[in-house]
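[1] here you go, sequence then predicted model.
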Amino acid sequence: MAGGNTGKDLDGKAGRRSGLPPLSLPPLSLAPRIEGLSGVPIPLLDLLDEIPLGLVILDRNRSVLAANRPFEALTGFSRETITGLPCRLVLRTNLCGRFCPALQAQNASSAVSLEGDMIDCQRRKLDIRITATALRDNNGDLCGFMETIQEIRTMTQDSTGMNKSGFFARVLGQSPKMTEVFNILPAVAQTDSAVLITGETGTGKDLVAEVIHEASTRSRGPFIKVNCGALPETLLESELFGHTKGAFTGAVSDKPGRLKMAHGGTLFLTEIGDLPLPLQVKLLTFLDDQIVYPLGASRGFQADVRVIAATHRQLENMVNQGAFRQDLLFRLNVIRVHLPPLRERTGDVKLLLAHYLTEFSQRFRKRVTGFTPEATRLLNAYAYPGNVREIRNIVEYAVGIVRGDVIGVEHLSAYLFDTSVEKTVPAPSGEAHTGGRSPLAQAVQAAGDTMSWPVLERTMILEALVQSKGRRTKAAEVLGWGRSTLWRKMKQYGLES
């Protein structure tokens, strides 16, 4: 797709050549695929997988012929599904169109490096650098293109490590506990020691791991993530350490593991508490000597990798139960970063609500300006067992269904109205005669187990009218509604008389 921004090379100038000589490959390595015969030869794929950058080979029409494993890790697309697709449908950069790096390289005497952004398979925008070169046969005729793609990770912050909006890189928070985390992250990033990030589910462990990588001297290297609980033990070992051809049934070719793909960068092991004990031994061996032994291989290779691990589990308890090796815990726990749960982050709920309201209003192209007072009280009182991830989901849902410019309680997820949660909602001033409970809390209790929204909303209105002694204007203020909204809903529920 065409973008509005001109791509920039390493010197910041649009379209400037990088000075690299044009790359040409022996005709036999690419000709079979370009001529429409069977796929790219296996030796070529093996060669591409050895390159630590995302790499894709295109034909004359800029359709995908082959891609390497780091390209899959960067974009999220498997090379089997993208083979034959036009490059613009795979990379989806703001350079596609008139700033296409391949087209510029076709008319250049050297490789072309440009900077822009791309959309990966999860619809995340990544800042990238693309280096494109034309591939020519022995006669000098164009036979295709090769492009390398590298993610550019940047971090904007002031001298304190935190900007004025309450962000540290992409991590948001202004509470004292988050400020403590922000204060240590720059120093953590500049070391090359192993890091263990702990915290409940949804506290942002993955994001903090990325921030540490981005702020480190390895930021130009790959950031490879592995979920230790997502695969069975046999597949996880192959995913981490790789395997050789014939190592097991179905191993038709050599496969580099994630450790090899992370060479020069960072390997992030999330849910490390789910790593099986046999693999804990093998990981400990790697951490001690930095040598990777693929499945079926008799020789290993040196890998320059920093390891960051994360878990929501209590690893010390797992050690006592024999489910986690104590020596591996010592090896990973060189630096520990603990992320507090949202319920302990005083003041951050308001900040996060405002941030995600702006984010999703822009994404859904709506003009949502805020929350009603009752919705605000409910959201501030909720415990958020899912932490930041949960508050993000709540706001995304509310912005998605609201039709006006203000989010009310009727736009919030139904599970938030659980009575055990609502009893903690602080009451507005002037409600002492109701026992300090808000109309919504009283409505939830009165609705009992039915919990349907019409029953709940009707009961809310009745409670507000009782509290305001029948004065509709006052009842509307208690509910956080406009007078016309209250009168319309009273008519809807037969309460206008």
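    Thanks, I have the structure now.
[2] any low-confidence regions in this structure?
    The chain contains residues with pLDDT under 70 at 1-47, 49-50, 52, 153-169, 418-456, 480, 496-497.
[3] for the helix or strand hosting residue 491, name the packing helices and strands.
    Taking DSSP states H and E as the criterion, residue 491 maps to helix 483-492. For helix 483-492, the elements it packs on are helix 453-467, helix 472-479, judged by 3 or more Cβ pairs under 8 Å, 6 or more residues apart in numbering; DSSP states H and E. From N, CA and C alone the C-beta is placed, and that goes for glycine too.
[4] rerun at 6 Å
    Of the remaining helices and strands, those touching helix 483-492 by 3 or more Cβ pairs under 6 Å, 6 or more residues apart in numbering; DSSP states H and E are helix 472-479.
[5] for the nearest residue to residue 71 once chain neighbours are set aside, give its distance to residue 336.
    What sits nearest to residue 71 in space, not counting adjacent residues and going by Cβ to Cβ, 6 or more residues apart in numbering, is residue 54, at 3.8 Å. According to Cβ to Cβ, to the nearest Å, residue 54 stands 32 Å off from residue 336.
[6] looking at the two, which is more packed in?
    Neighbour comparison, residue 54 and residue 336: the larger count goes to residue 54, with 23 against 11 (by other Cβ atoms under 10 Å).
[7] phi, psi of the more buried one?
    Dihedral pair for residue 54: phi -60, psi 130, per degrees, to the nearest 10.
[8] swap in the one 5 residues further on?
    Comment: the main-chain dihedrals of residue 59 come out as phi -90, psi -170, following degrees, to the nearest 10.
[9] was I right about it contacting residue 65?
    Yes: at 5.5 Å, residue 59 and residue 65 qualify as touching, with contact defined as Cβ atoms under 6 Å.
[10] how near is the residue nearest to residue 71 to residue 150?
    7 Å.
[11] residue 316 now?
    From residue 316 across to residue 150, the span is 39 Å (Cβ to Cβ).
[12] cool, and residue 336?
    In this view, residue 336 and residue 150 are 31 Å apart by Cβ to Cβ.
[13] ok, now residue 212?
    Distance from residue 212 to residue 150, by Cβ to Cβ: 19 Å.
[14] look at the two and report which has more neighbours.
    residue 212 (27 against 21).
[15] the more buried one sits in which helix or strand?
    Assigned by DSSP H and E, residue 212 falls in helix 205-214.
[16] CA atoms only for that helix, dumped as PDB, please.
    Listed next in PDB are the C-alpha coordinates belonging to helix 205-214 (Å, rounded to 0.1, in the frame of the first residue of the first chain):
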ATOM      1  CA  LYS A 205       5.800  -8.600  31.600                       C
ATOM      2  CA  ASP A 206       6.100  -9.100  27.900                       C
ATOM      3  CA  LEU A 207       6.100  -5.300  27.200                       C
ATOM      4  CA  VAL A 208       8.800  -4.700  29.900                       C
ATOM      5  CA  ALA A 209      11.000  -7.400  28.300                       C
ATOM      6  CA  GLU A 210      10.700  -5.700  25.000                       C
ATOM      7  CA  VAL A 211      11.500  -2.300  26.600                       C
ATOM      8  CA  ILE A 212      14.700  -3.800  28.200                       C
ATOM      9  CA  HIS A 213      15.800  -5.100  24.800                       C
ATOM     10  CA  GLU A 214      15.000  -1.800  23.000                       C
END
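[17] next SSE downstream of it?
    Counting by DSSP H and E, what follows helix 205-214 is strand 223-227.
[18] and the angle from the helix holding residue 491 to helix 472-479?
    On the basis of axes from the mean of the first three to the mean of the last three Cα atoms, to 10 degrees, helix 483-492 is oriented at 100 degrees to helix 472-479.
[19] run the chain-centre distance for helix 483-492.
    42 Å (Cα atoms, centre = their mean, to the nearest Å).
[20] which parts of that helix are buried?
    Buried residues in helix 483-492, counted by 16 or more other Cβ atoms under 10 Å: 485, 486, 489, 490.
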